[in-house]
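Undergrad: below is the sequence, then the predicted model.
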Amino acid sequence: MKAFNYYQPTEIIYGVDRIEELGQFARRYGKKCLLVTTPPIPVLQPLFERAKKILIDAQIEVFHFDQIQPNPTTDNIAEGAKIAIENKVDFVVGLGGGSSMDSAKAIAVEATHEGSCWDYLYFRESQPTEKTLPVIAISTTSGTGSQVTQVAVVTNPKERNKSALYHSNLFPKIAIVDPKLMLTLPEHVTASTGFDAFCHAFESTLHPNSSSYVDTLAYKAIQIIVETLPALLKDLTNLELRSKMALADTFAGLCIANAGVTLPHGVGMAISGLYPHVMHGESLAIIYPSFSRFTYKSAIPQFATVGRIFNPELNNVSDEEAAQKACEEIDSFIKNIGMWMSLKDANMPEEEIPLLAKASMVLPDYKANPRVATDAEMLELIKESYYRE
């Protein structure tokens, strides 16, 4: 068994109605906070008001920045950071899906450091310091795992580029995972975020930094998702199923925080960077059929294990056959949850296939894949993903 490190500084508060404890945890970090959310559409407005009341009742002054968009931009972050600076907030609360939680982390950096959050991407010389404001993350989806990771994904619309801040100072201090907050999530968003959680767990097992600890959490998360997500899509207000998915998402987030993701996430980030209307889970579903067939021969044990989670009858065949069949099982799962789609379905111009292939080689995720794609192979993967029957 290989040596490994495992680090998780986030205090996880999991369970139904745990948001009621927000005030007591928030008091640890000061008396002024910036609440970061998406715009207050009717279905979310009561939750936002509830969170503000809990904080105010704890004698905390709340400044609400409610302009976060899907695939949040550098302009979003700058606007939120300006409010944080002007009001001298002590900490940031990200309430929502990955966009809100990632934005809270990026704002916590930009509000305390010179320049823009874009100046502190994972490959820059300058990195977030301990001056970064404390973050409390409250998840309302089951997919991104952002509540327990050191990652903040941001899009730069001027560059048509999506990248990430990545540093241990970005780990939220507190993660509140309350499955009740996910009951209003629409069907397609539930499917998209749920598939993202599956990808986090699976890709962490493929990553060179994986370990026995990560694998244990990852395969448990995959088992829960495979058993739960299709049923949940038929019964969206089932609290037990929501609770299971929230747990699987958290497990998968812990996995990527300590291992990482591989080729699909690099491609997925490139897709959303170029075409911001494409949800992250959608971009992963687009590339997975081609990725799985490209990769499985270089990761027989992992693909075989996942194939057998999907289909226990594969316990009766060789690892090689189970790994090959896993590709078909993943396809069936994507179809079953209504996520079967292509780049053409996502309204990507066909003439931009070479542009997307080149952009997919920018983030280092593809280098962590068991089989590392060449430029020509990446171009072929993108071509395969453009049309899909």
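TA: That came through, no problem. Because the structure is a prediction, the values reported are computed rather than measured.
Undergrad: and the gap between L274 and E227?
TA: Separation of L274 from E227 (C-beta to C-beta, to the nearest Å): 35 Å. Glycine gets a C-beta too; all of them are placed from N, C-alpha and C.
Undergrad: looking at the two, which one has more neighbours?
TA: Taking other C-beta atoms under 10 Å, L274 and E227 do not tie; L274 has more neighbours (19 against 14).
Undergrad: ignoring the adjacent residues along the chain, who's closest to that one?
TA: Among residues not flanking L274 along the chain, R160 sits closest, at 5.3 Å (C-beta to C-beta, 6 or more residues apart in numbering).
Undergrad: what's the answer for Y122, then?
TA: Using C-beta to C-beta, 6+ apart and skipping residues adjacent in sequence, the residue nearest Y122 is Y166, 3.8 Å away.
Undergrad: can you check V148 too?
TA: Closest to V148 by C-beta to C-beta, 6+ apart is G253, at 4.2 Å.
Undergrad: do the same with W118
TA: Nearest residue to W118, sequence neighbours excluded (C-beta to C-beta, 6+ apart): T74, at 5.2 Å.
Undergrad: that neighbour against E159, yeah?
TA: No - with contact defined as C-beta atoms under 8 Å, T74 does not count as touching E159 (9.1 Å).
Undergrad: have a look at the two and say which one is more surrounded.
TA: Between T74 and E159, counting by other C-beta under 10 Å, T74 is the more crowded of the two (19 against 11).
Undergrad: ok, the more buried one to N87 distance?
TA: From T74 to N87 the distance is 21 Å (C-beta to C-beta).
Undergrad: again with S243
TA: In this view, S243 and N87 are 36 Å apart by C-beta to C-beta.
Undergrad: between those two, which one's more packed in?
TA: Neighbour count, other C-beta under 10 Å: between S243 and N87, S243 has more, with 20 against 15.
Undergrad: state the helix or strand in which that one lies.
TA: Using DSSP states H and E, S243 sits within helix 239-258.
Undergrad: which other helices and strands contact that helix?
TA: Here helix 239-258 touches strand 11-14, strand 174-177, helix 187-206, helix 212-233, going by 3 or more C-beta pairs under 8 Å, 6 or more residues apart in numbering; DSSP states H and E.
Undergrad: who touches the residue lying closest to T237 once chain neighbours are set aside in this structure?
TA: Distances taken as C-beta to C-beta, 6+ apart put L183 closest to T237, at 5.3 Å, once the chain neighbours are dropped. Counting by C-beta atoms under 8 Å, 6 or more residues apart in numbering, L183 touches 236-237, 239, 242.
Undergrad: same question for D331.
TA: Per C-beta under 8 Å, 6+ apart, neighbours of D331: 289, 292, 340.
Undergrad: save the residues you listed as CSV, and put in neighbour count and pLDDT too.
TA: Converted to CSV, the contacts of D331 look like this (neighbours: other C-beta atoms under 10 Å; pLDDT from 0 to 100):
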residue, neighbour count, pLDDT
P289, 21, 98
S292, 22, 98
W340, 18, 98
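Undergrad: so S142: helix, strand or coil?
TA: coil (DSSP: H, G, I helix; E, B strand; the rest coil).
Undergrad: count the residues that sit near it.
TA: 31.
Undergrad: out of the helices and strands packed on helix 239-258, nearest to A51?
TA: strand 174-177 (9.8 Å; C-beta to C-beta).
Undergrad: what sits against the spatially most central residue of the chain?
TA: By C-alpha atoms, centre = their mean, the chain has its centre lying nearest to T144, at 2.5 Å. Each residue near T144 by C-beta under 8 Å, 6+ apart is listed here: 97-98, 101-102, 193, 196-197, 249, 253, 280.
Undergrad: by neighbour count, which of these wins?
TA: Busiest of those [other C-beta under 10 Å] is M101, holding 34 neighbours.
Undergrad: quick one: average confidence on the strand or helix carrying it?
TA: Using DSSP H and E, M101 sits in helix 98-110. The average pLDDT within helix 98-110 is 98.
Undergrad: pretty sure A376 belongs to a strand, no?
TA: No - using three-state DSSP, the assignment for A376 is helix, not a strand.
Undergrad: G194 is in contact with P230, isn't it?
TA: No - with contacts defined as C-beta under 8 Å, G194 does not count as touching P230, sitting 9.3 Å away.
Undergrad: which residues are in contact with both of the two?
TA: Common neighbours of G194 and P230 (C-beta under 8 Å, 6+ apart) are I337.
Undergrad: what about those two, which has more around it?
TA: Taking neighbours as other C-beta under 10 Å, G194 and P230 compare with G194 leading, 26 against 16.
Undergrad: now the more buried one: closest residue in space, sequence neighbours ignored.
TA: Nearest non-adjacent residue to G194, counting by C-beta to C-beta, 6+ apart: L229, 4.4 Å away.
Undergrad: would you point out the most distant pair within the contacts of T144?
TA: D102 and A197 (15.4 Å).
Undergrad: in three-state terms, label V154 for me.
TA: Of the three states, V154 takes strand according to three-state DSSP.
Undergrad: shouldn't it be in contact with S163?
TA: Yes - V154 is within contact range of S163, at 6.7 Å (criterion: C-beta under 8 Å).
Undergrad: now the common contact residues for those two.
TA: With C-beta under 8 Å, 6+ apart as the test, V154 and S163 both reach W118.
Undergrad: between those two, which has more neighbouring residues?
TA: Using other C-beta under 10 Å as the criterion, V154 and S163 rank with V154 on top: 27 against 21.
Undergrad: out of the contacts of T144, which comes closest to I300?
TA: Distance to I300 across these (C-beta to C-beta) is lowest for A197, with 23.8 Å.
Undergrad: relative to E49, how far out is the closest one?
TA: 28 Å.
Undergrad: got the domain boundaries for the protein?
TA: As recorded under automatic domain parsing, the domains making up the chain are 11-182, 187-386.
Undergrad: K2: which of those domains is closest?
TA: Shortest distance between K2 and these, using C-beta to C-beta, is found for domain 187-386: 6.8 Å.
Undergrad: quick one: distance of the closest one to the chain centre.
TA: Relative to the mean C-alpha coordinate of its chain, domain 187-386 is positioned 12 Å out (C-alpha atoms, centre = their mean, to the nearest Å).
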